[in-house]
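A.B. asks: Sequence first, predicted coordinates after that:
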Amino acid sequence: MNYTMLCDYYELTMGNGYFLSGQADRITYFDLYFREVPDGGGFAIAAGLEQAISYIENLCFDAEAITFLRDKGGLAPEFLDYLARFRFSGDVYAVPEGTPIFPNEPVMIVRAPAIEAQLVETFLLLTLNHQSLIATKGNRIVRAAQGRVVTEFGSRRAQGADAALNGARAAYIAGCGGTACTLAEMLYGVPASGTMAHSWIQMFDSEYEAFAAYCRTYPQQTVLLADTYNVLKSGVPNAIRAFRDVLDPLGHRPLGIRLDSGDITYLSVAARQMLDDAGYPDCKIVASNALDEYLIRDLIQQGARVDLFGVGERLITAKSNPVFGGVYKLAAVEDADGNIKPKIKVSENVTKITTPHFKKVFRLYDKETGQAEADYICLHSETVDESRPLELFDPDYVWKRKTLTNFTARELLTPVFRQGRRVHSSPPLSEIRDYCRREIETLWPSVTRFENPHNYYVDLSPELWAVKQELLKAQSS
């Protein structure tokens, strides 16, 4: 779908101004990054790149859009003629989807003529903000489940169709085992599954008849919802009876029962005992009902006998912290001779002061442990020599220093577009998911814990730090 007009109107007013003032073709560098990890966590997860790529590939103003803008008024006719011929011609660099990311480091860099770089701001932010938010929340929930499968159940509570679909995609990248959203499997290959709602059971004259009918219809995929009436007095006993009466004669075993309300710890322990005593120790117990990472962690700590979790509204909406907070800031421009001139935004709020210039980001891994030690942001012209010790220092507290030896450096930002042409091949979603899991395993447990995580080091090279300080000094003088 062409989302070109899904932009903030100021991108058009600025573009019009750039065009009329002769700035249209001036090359600019914009950084997309975020300032704070949701839920007070130690890291976030990058997601949404594939949708950003599709947007840029389809970026054009069709006749309907030009007519709308002409009728609206306020933009120069010659600028509208420019928009009618518009195509993205710039360069884009981005971290791969599934990469753990940290505040204030570029997740994407756009190098493009001013109008082009400005016009893509809104959509790039909305798609990367949304999917990175859901991926980050989803991974917290997956880690809380301690190896138990988590399925995303949230479509009906998502804030719109795109949020449901792309949220399911992001949750799968983060480690969820599947989704309830059928379209997510059709478009993205995210495994979709589902069994029954309470209405199925209410349609029949009795709970047992509903269970028996389902067992006959899906003998190889039987999961029964056990809490429509009373879990322990009727739900589990009727499920066991249907297993014996229908599945056993057919030679099939039940896959599970689902609990969607009540005291999940108490009910799952009692249900587990009843299923075991009846000869169904392999019958899994699925739990749902407004779960999140903290409730799942508490259930496990309390001894709940749950094998799989279905998580809906608190995942698909990232209910506890529903804004990712990514921003898109100018970092540099080129002069007429192609020289890069760094730009900085200064604020009384120090967290909003930007880091200038065209940059690279390296992730530094210890060769012996394979653990990620720090991220290193430097000028794009710089390289990292792995054969020599590398001194890192905190960009805010420069006396805090650490020297790395015996490390490897991996450049995180990879080319996605060059001169408007896509140069990036997206791997299958399952590979992105595996990559995400492997990269999270390189983080120290102190970074991945939920409460008071360690602040992962994101440091500037001395050259980049000096450029920033020089610009800050110039602005204050």
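C.D. replies: Received it, and whenever you're ready, just let me know what you need.

A.B. asks: so where's the longest helix in this protein?
C.D. replies: helix 121-144 (DSSP state H).

A.B. asks: Return the residues in contact with the one residue sitting closest to the centre of the chain.
C.D. replies: By C-alpha atoms, centre = their mean, the chain has its centre lying nearest to Ser132, at 2.4 Å. By C-beta atoms under 8 Å, 6 or more residues apart in numbering, Ser132 lies in contact with Phe34, Ala44, Ile45, Ala46, Ala47, Gly48, Ile101, Val107, Ala170, Phe324, Gly326. The way it works is simple: take the backbone N, C-alpha and C, and place the C-beta from them, glycine included.

A.B. asks: Just those: which are in helices?
C.D. replies: Those of the contacts of Ser132 lying in helices (DSSP H): Ala170.

A.B. asks: For stretch 15-33, C-alpha coordinates in PDB please.
C.D. replies: Extracted in PDB, the C-alpha atoms of stretch 15-33 (Å, rounded to 0.1, in the frame of the first residue of the first chain):
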ATOM      1  CA  GLY A  15       9.500  20.600   1.900                       C
ATOM      2  CA  ASN A  16       7.800  23.500   0.200                       C
ATOM      3  CA  GLY A  17      10.100  25.900   2.000                       C
ATOM      4  CA  TYR A  18      13.200  23.900   1.100                       C
ATOM      5  CA  PHE A  19      12.100  23.900  -2.500                       C
ATOM      6  CA  LEU A  20      11.400  27.700  -2.700                       C
ATOM      7  CA  SER A  21      14.600  28.600  -0.800                       C
ATOM      8  CA  GLY A  22      16.900  26.400  -3.000                       C
ATOM      9  CA  GLN A  23      17.600  23.800  -0.300                       C
ATOM     10  CA  ALA A  24      15.700  20.900  -2.000                       C
ATOM     11  CA  ASP A  25      18.800  19.100  -3.200                       C
ATOM     12  CA  ARG A  26      21.000  19.700  -0.200                       C
ATOM     13  CA  ILE A  27      22.100  16.300   1.200                       C
ATOM     14  CA  THR A  28      21.100  15.800   4.900                       C
ATOM     15  CA  TYR A  29      21.800  13.100   7.500                       C
ATOM     16  CA  PHE A  30      19.000  12.100   9.900                       C
ATOM     17  CA  ASP A  31      19.400   9.700  12.800                       C
ATOM     18  CA  LEU A  32      16.400   7.700  14.100                       C
ATOM     19  CA  TYR A  33      16.900   6.500  17.700                       C
END
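
A.B. asks: residues of that stretch that come out buried?
C.D. replies: Using 16 or more other C-beta atoms under 10 Å as the test for burial, stretch 15-33 gives 15-19, 23-24, 26-33.

A.B. asks: Tell me which helix or strand Thr13 sits in.
C.D. replies: If you go by DSSP states H and E, Thr13 is part of helix 9-20.

A.B. asks: and that helix with helix 121-144, angle?
C.D. replies: 140 degrees (axes from the mean of the first three to the mean of the last three C-alpha atoms, to 10 degrees).

A.B. asks: so how far is helix 9-20 off the chain centroid?
C.D. replies: 31 Å (C-alpha atoms, centre = their mean, to the nearest Å).

A.B. asks: Tell me which other helices or strands it touches.
C.D. replies: helix 77-84, helix 114-119 (3 or more C-beta pairs under 8 Å, 6 or more residues apart in numbering; DSSP states H and E).

A.B. asks: ends of stretch 326-344, how far apart?
C.D. replies: Stretch 326-344 has an end-to-end distance of 17 Å (C-alpha to C-alpha, to the nearest Å).

A.B. asks: Redo the contacts of Ser132 as a markdown table? Include pLDDT, neighbour count and distance to Ser425.
C.D. replies: Shown next, in a markdown table, are those (pLDDT from 0 to 100; neighbours: other C-beta atoms under 10 Å; distance: C-beta to C-beta, whole Å):
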| residue | pLDDT | neighbour count | distance to Ser425 |
| --- | --- | --- | --- |
| Phe34 | 98 | 24 | 26 |
| Ala44 | 98 | 26 | 24 |
| Ile45 | 98 | 27 | 21 |
| Ala46 | 98 | 24 | 17 |
| Ala47 | 98 | 31 | 17 |
| Gly48 | 98 | 28 | 17 |
| Ile101 | 98 | 24 | 21 |
| Val107 | 98 | 25 | 19 |
| Ala170 | 98 | 32 | 20 |
| Phe324 | 96 | 24 | 26 |
| Gly326 | 97 | 22 | 24 |
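
A.B. asks: can you tell me which of the contacts of Ser132 are in strands?
C.D. replies: Phe34, Ala44, Ile45, Ile101, Gly326 (DSSP state E).

A.B. asks: Which residues does whatever helix or strand Gln273 lives in contact?
C.D. replies: Gln273 is part of helix 264-277 when elements are defined by DSSP H and E. Contact partners of helix 264-277, identified using C-beta under 8 Å, 6+ apart, comprise 226-227, 231-232, 236-237, 240, 257, 259, 281, 283, 285, 287, 289, 299, 302-306.

A.B. asks: 6 Å instead, please
C.D. replies: By C-beta atoms under 6 Å, 6 or more residues apart in numbering, the surrounding residues in contact with helix 264-277 are Val231, Leu232, Val236, Leu259, Cys283, Ile285, Ala287, Leu299, Gln302, Ala304, Arg305, Val306.

A.B. asks: Closest to Leu126 out of the residues you listed?
C.D. replies: Distance to Leu126, by C-beta to C-beta, is smallest for Ala287 among those, at 32.6 Å.

A.B. asks: Leaving out chain neighbours, which residue sits closest to the closest one?
C.D. replies: Val306 (4.4 Å; C-beta to C-beta, 6 or more residues apart in numbering).

A.B. asks: And the one you found, its phi and psi?
C.D. replies: phi -110, psi 130 (degrees, to the nearest 10).

A.B. asks: show me what contacts it?
C.D. replies: Residues in contact with Val306 (C-beta under 6 Å, 6+ apart) are Ser268, Ile285, Ala287.

A.B. asks: quick one on the thing from earlier: tell me the pLDDT of the residue nearest to the centre of the chain.
C.D. replies: You'll see Ser132 listed with a pLDDT of 98.

A.B. asks: what's the answer for Leu460, then?
C.D. replies: 97.

A.B. asks: got it, and Thr67?
C.D. replies: Reported pLDDT for Thr67: 97.

A.B. asks: Any idea how many residues pack against it?
C.D. replies: Residues lying near Thr67 (other C-beta atoms under 10 Å) number 11.
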